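> quick check, what structure comes out for this input:
(2 chains)
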Amino acid sequence: MANDKVITADKLTKRFGDFVAVDRISFEVNKGEIFGFLGANGAGKTTAMRMLCGLSMPTSGEASVAGFDVYKENEKIKKNIGYMSQKFSLYDDLTVKENMRFYGGIYGMSNKFIKEKTAFILEYLHLQSEADKLVKSLPLGWKQKLAFSVAIFHEPGIVFLDEPTGGVDPVTRREFWNMIYNASDTGITIFVTTHYMDEAEYCNRVSIMVDGRIDALDTPAALKKTYEAASMDEVFLKLARKAKRSAD
Amino acid sequence: MFILLGMPIVQIIIFGFALTNEVKNAKIAVLDNSKDEASLSLISQIDASRYFELEKNLHSYTEIETEFRRGKIKLALVIPQHFAEDIQHLHKTQVQLIADASDPNVANTLTNYAASVIMDYQKRITNDKKLPYTIDTELRMLYNPQLKGAYNFVPGVMAMVLLLVCTMMTAITIVKEKEMGTMEVMLVSPMKPQMIVLAKAVPYLVLSAVNIASILLLSVFVLEVPINGSLVLLVFESILFTLVSLSLGLLISSGAESQQTAMFISLIALFLPTIMLSGFMFPIENMPLPLRVISNIVPAKWYYSIVKSVMIKGTGLYVIWKETLILFGMMIFFLTLAIKKFKIRLA
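Sure, this is the predicted structure:
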């Protein structure tokens, strides 16, 4: 069913001069799916993601997000997605509450909605006592959970997470993934890039990018079978070794 | 590295050769009420000196005022009627020197030069006479009779403060958002990039408005520098200059990747030229041609001359329309470039 495909990409390409950062990638993401987007550093993950978010114009190829064309309708796309960048992206010098009010405001949410949603998130994250503290005083793990909550604050259909769990401990990562699952249960499609292969196992389907191309795309179980590997780690290593491009 | 090695060389050359308080070829106008042999010979002696360049022969007192307002001349010499006769018969006469004292230093230097040229002339004609001739010079400092330094530095400080607040702070805050990653999140949001940029610029516009107000209040009530021209025009020009500075800040922010770079560019590319090449510290007229050409792209130069004209000389838009137009052009130019670069970054 066409309606169930919330993201489609067809031979999507991005060139920077002679350098082909993303080389004719094609894939589809279903509604409510947790789609893992893996690849070594410099494989083109972030560039691909930026094109889907409307931050970067593709050089060629087709893509649509939430039913909108990335070339012509990127303003509409922006309304329907949430985004969490690999850089931690809340305002350090605002409080937890102020950050939520700010992002709610950017997305044009009503005051009432912002108030209710803020209360809900604070309770969900057990952050009520920290609500009026500056974000910079929070531990990294909490900041990241908060950033994720803020990314889905306006209840988008799709959320893009760019290496959301970089630098946090395994326990927090586990908790973070629980949040992702909860969000996914409410019907939000999750598009996540990651380095951690154990996280790849949590995804419904994963694609692995090597040198700007998607070399493999399937469920973790099927991939392990195809590449005769015991873990996603092995699958990844087998694919990544073929890479000619050095990590940068 | 280039900056470390190049800066001292550039600075020593600039300071050594270009930036002197010495005045050469200052434009002078003469109102010769006598038009006789003696007055013509005095005028030609002044014109011949390397300090002065005869810009215009005037015909009436009112013309002097107009020329000064236009900023065409720095000094005017008034020779009384019967100049030659007085010298011949009375052995004594008087000339008047009127200087544009909105820049007190230059006015001082120029009147001294002129007085010494007149002294030379007096010596020359006295040469073989028994009774010495005396030519008295009467000085009049236009716009700033007390030769207050404040008349000069208030416009300069205004230019500098606006440039610092607007350019540097806008550049730094936008680059800070880039560094923190919040810029990216904003760009992903449905907000239009133009809106984000606008939202970043507005606080500094307001801040500069407050700054302008406080500088003007202080200079009027504490330093007793008058606002001779229209306040509305002055405020309008200041806002225009603020917009130029803001667009420059945006341009810098779209090029710089870190806060340090943004700050460094603002300082090197703006602050130094503003101090050295705006005419605030050193008169531009005396700089070598290359520097004079460069000074034309320093926005503060135009703003400084506008503020001086409006505030001190009390001129209206009819005199400063060219400067205003240049600032306006600069604003459009920087803004288009900034927006273009901003878009390229997105593409």
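
> what's the burial count for the residue in chain B positioned nearest to chain A?
Residue nearest to chain A within chain B: B:Gly181 (2.9 Å; Cβ to the nearest Cβ). C-betas here are computed from N, CA, C, even on glycine. A count of nearby residues for B:Gly181, using other Cβ atoms under 10 Å in any protein chain shown, gives 18.

> apart from its chain neighbours, what residue comes closest to it?
Residue nearest to B:Gly181 in three dimensions, not counting chain neighbours: A:Lys87, with 2.9 Å by Cβ to Cβ, 6 or more residues apart in numbering or on different chains.

> that neighbour is in contact with B:Met183, isn't it?
No: shown here, A:Lys87 and B:Met183 do not form a contact pair, counting by Cβ atoms under 8 Å, at 9.6 Å.

> tell me which of the two has more neighbours.
B:Met183 (22 against 17).

> just the helices in the stretch 101-250 of chain B please.
Remark: helices assigned in the stretch 101-250 of chain B by DSSP state H, counting those that start in this stretch are B:104-126, B:150-162, B:169-180, B:182-188, B:193-221, B:231-255.

> select, out of those, the one closest to A:Met49.
Counting by Cβ to Cβ, A:Met49 lies closest to helix B:182-188 out of these; the figure is 10.2 Å.

> next, the buried residues of stretch B:171-188.
Neighbour-count burial for stretch B:171-188 flags B:171-175, B:177-188 (criterion: 16 or more other Cβ atoms under 10 Å in any protein chain shown).

> just the pLDDT at residue 226, thanks.
With no chain named, the answer covers chain A. Note on A:Thr226: pLDDT of 87.

> hmm, I had chain B in mind actually
On pLDDT, B:Pro226 comes in at 80.

> is it true that it touches B:Leu234?
No: if you go by Cβ under 8 Å, B:Pro226 and B:Leu234 don't touch, sitting 11.7 Å apart.

> which of those two has more residues huddled nearby?
Neighbour count, other Cβ under 10 Å: between B:Pro226 and B:Leu234, B:Leu234 has more, with 21 against 14.

> for that one, what are its contacts?
By Cβ atoms under 8 Å, 6 or more residues apart in numbering or on different chains, the residues touching B:Leu234 are B:Leu216, B:Ile227, B:Val307, B:Val310, B:Met311.

> from these, list just the buried residues.
Among those, those scoring as buried are B:Leu216, B:Ile227, B:Val307, B:Val310, B:Met311 (criterion: 16+ other Cβ under 10 Å).

> tabulate those (JSON lines), appending distance to B:Phe282.
Below are the buried ones among the contacts of B:Leu234 laid out as JSON lines (distance: Cβ to Cβ, whole Å):
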{"residue": "B:Leu216", "distance to B:Phe282": "25"}
{"residue": "B:Ile227", "distance to B:Phe282": "25"}
{"residue": "B:Val307", "distance to B:Phe282": "17"}
{"residue": "B:Val310", "distance to B:Phe282": "22"}
{"residue": "B:Met311", "distance to B:Phe282": "20"}
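
> ok, the residue of chain A found nearest chain B - contacts?
Closest residue of chain A to chain B, Cβ to the nearest Cβ: A:Lys87 (2.9 Å). If you count contacts by Cβ under 8 Å, 6+ apart, A:Lys87 has them with B:Met180, B:Gly181, B:Glu184.

> let me know the secondary structure of it.
Secondary structure, DSSP: H, G, I helix; E, B strand; the rest coil: A:Lys87 is coil.

> any idea how far it is from A:Lys143?
12 Å (Cβ to Cβ, to the nearest Å).

> check B:Gly6 too.
Taking Cβ to Cβ, one finds B:Gly6 at 43 Å from A:Lys143.

> which of these two has more residues huddled nearby?
Counted by other Cβ under 10 Å, B:Gly6 and A:Lys143 do not tie: A:Lys143 has more neighbours, with 20 against 10.

> that one contacts A:Val135, correct?
Yes: contact status for A:Lys143 versus A:Val135: in contact at 6.3 Å, counting by Cβ under 8 Å.

> between those two, what contacts are shared?
A:Leu90.

> near chain A, which residues of the stretch 51-200 of chain B? Just list them.
For the stretch 51-200 of chain B, the contact set with chain A under Cβ under 8 Å from any Cβ of the partner chain comprises B:Met180, B:Gly181, B:Thr182, B:Glu184, B:Val185, B:Met186, B:Leu187, B:Val188, B:Ser189, B:Pro190, B:Met191, B:Lys192.

> next, the contact list for A:Leu239, please.
A:Leu239 touches A:Ile208, A:Val210, A:Asp215, A:Ala216, A:Tyr227, counting by Cβ under 8 Å, 6+ apart.

> mind listing the strands for chain A?
Along chain A, counting by DSSP state E, strands occupy A:5-16, A:19-30, A:34-39, A:60-65, A:68-69, A:81-84, A:158-162, A:189-194, A:205-210, A:213-218.

> output these as CSV; include the columns distance to chain B, mean pLDDT and mean neighbour count.
CSV is the format used below for those (distance: least, Cβ to the nearest Cβ, whole Å; pLDDT from 0 to 100; neighbours: other Cβ atoms under 10 Å in any protein chain shown):
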stretch, distance to chain B, mean pLDDT, mean neighbour count
strand A:5-16, 10, 89, 18
strand A:19-30, 13, 90, 18
strand A:34-39, 16, 90, 26
strand A:60-65, 11, 90, 19
strand A:68-69, 12, 89, 16
strand A:81-84, 4, 90, 26
strand A:158-162, 8, 91, 24
strand A:189-194, 13, 91, 24
strand A:205-210, 20, 89, 24
strand A:213-218, 22, 87, 18
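
> the residue most central in space within chain A: what's it in contact with?
What sits nearest the mean C-alpha location of chain A, by Cα atoms, centre = their mean, is A:Leu161, with 2.0 Å. Taking Cβ under 8 Å, 6+ apart, we find A:Leu161 in contact with A:Met84, A:Phe148, A:Ala151, A:Ile180, A:Ile190, A:Phe191, A:Val192, A:Thr193.

> give the contact list for A:Ser184.
A:Ser184 sits next to A:Gly32, A:Glu33, A:Ile34, A:Ile190 when contact means Cβ under 8 Å, 6+ apart.

> mind redoing it with 6 Å?
For A:Ser184, the contacting residues are A:Ile34, A:Ile190, by Cβ atoms under 6 Å, 6 or more residues apart in numbering or on different chains.

> what's the spacing between it and B:Leu270?
For A:Ser184, the distance to B:Leu270 equals 51 Å [Cβ to Cβ].

> picking that back up, please identify which pair of the contacts of B:Leu234 lies farthest apart.
That would be B:Leu216 and B:Val310, which, of these, are the farthest apart (Cβ to Cβ) at 11.4 Å.

> quickly list what's touching both of those two.
Taking Cβ under 6 Å, 6+ apart as the contact rule, B:Leu216 and B:Val310 have no neighbour in common.

> give the contact list for the closest residue in space to A:Leu38 that isn't next to it in sequence.
Spatial nearest neighbour of A:Leu38, chain neighbours left out: A:Ile208 (4.8 Å); criterion: Cβ to Cβ, 6+ apart. Residues counted as contacts of A:Ile208 (Cβ under 6 Å, 6+ apart) are A:Leu38, A:Asp215, A:Ala216, A:Leu239.
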